[in-house]
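[1] all I have is the shape, not the residue letters:
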């Protein structure tokens, strides 16, 4: 090697080493894209005490664990691996017991919840009253629960669950999507 090429190499080599410095910047966590179906509803009138409309991309099945309770059903959302569990009770001067049970089941989620927002349901023309509770927090197993009643004869309690490890941050679009379906169910509910 010629002395000038050695000098050139010695000057460029440190520059080469300095120019290869890599700065690592962490990328934000990504989630899978969720394709949401078009909203469409159908009527469900196979129960003894109430009827409602539910999404066409869901299916209504009888609750297998409570065969003696004929008006207990599950609305399955197969595309989202989730279920809305609906339980029905006839009121016999025990409305306060059912409301307290609903509150106790809601409070079981408090250790994982960062907050609960509730909204009243008051539809006097159809005698429907109740409370919808939305639980926030990454590890909450049931992000949405509600109960509805006519205050004298009927009481329905419902809870939304997904068959996955709770991560409500990534499930937020699905939860919001199903929340619209639940709102539609409440607005179309009729007592028999």
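    Alright, I've got the coordinates. Predicted model only: the values in this text are computed from it and were never measured.
[2] got the buried residues for whatever helix or strand residue 85 lives in?
    Per DSSP states H and E: residue 85 is located in strand 82-90. Using 16 or more other C-beta atoms under 10 Å as the test for burial, strand 82-90 gives 82, 83, 84, 85, 86, 87, 88, 89. Using the backbone N, CA and C atoms, a C-beta is placed for each residue, glycine as well.
[3] now, which of those sits nearest residue 110?
    Lowest distance from residue 110 to the buried residues of strand 82-90 (C-beta to C-beta) belongs to residue 85, with 19.2 Å.
[4] ok, the closest one - contacts?
    With contact set as C-beta atoms under 8 Å, 6 or more residues apart in numbering, residue 85 has these partners: 63, 74, 158, 159, 160, 161.
[5] run through the bridge partners of it.
    Assessed by DSSP bridges, residue 85 has beta-bridge partners residue 74, residue 159.
[6] so residue 110: helix, strand or coil?
    Recorded secondary structure, residue 110: coil (DSSP: H, G, I helix; E, B strand; the rest coil).
[7] over to residue 116?
    Of the three states, residue 116 takes strand under three-state DSSP.
[8] how much space between it and residue 160?
    14 Å (C-beta to C-beta, to the nearest Å).
[9] same deal with residue 54?
    13 Å.
[10] swap in residue 166?
    To residue 160, residue 166 is 12 Å away according to C-beta to C-beta.
[11] more crowded one of the two?
    residue 160 (23 against 18; other C-beta atoms under 10 Å).
[12] quick check: closest non-adjacent residue to the more buried one.
    Closest residue to residue 160 apart from its sequence neighbours, by C-beta to C-beta, 6 or more residues apart in numbering: residue 144 at 4.4 Å.
[13] cool, and residue 98?
    Residue 98 sits nearest to residue 155 (C-beta to C-beta, 6+ apart), 4.6 Å away.
[14] and the helix or strand hosting the one you found, what's buried?
    According to DSSP H and E, residue 155 maps onto strand 154-162. For strand 154-162, burial by neighbour count (16+ other C-beta under 10 Å) applies to 154, 155, 156, 157, 158, 159, 160, 161, 162.
[15] quick one, it and strand 82-90 angle?
    When axes from the mean of the first three to the mean of the last three C-alpha atoms, to 10 degrees is applied, the directions of strand 154-162 and strand 82-90 differ by 160 degrees.
[16] could you give the mean pLDDT of strand 154-162?
    Averaging pLDDT along strand 154-162 yields 96.
[17] distance from the chain centre to it, please.
    12 Å (C-alpha atoms, centre = their mean, to the nearest Å).
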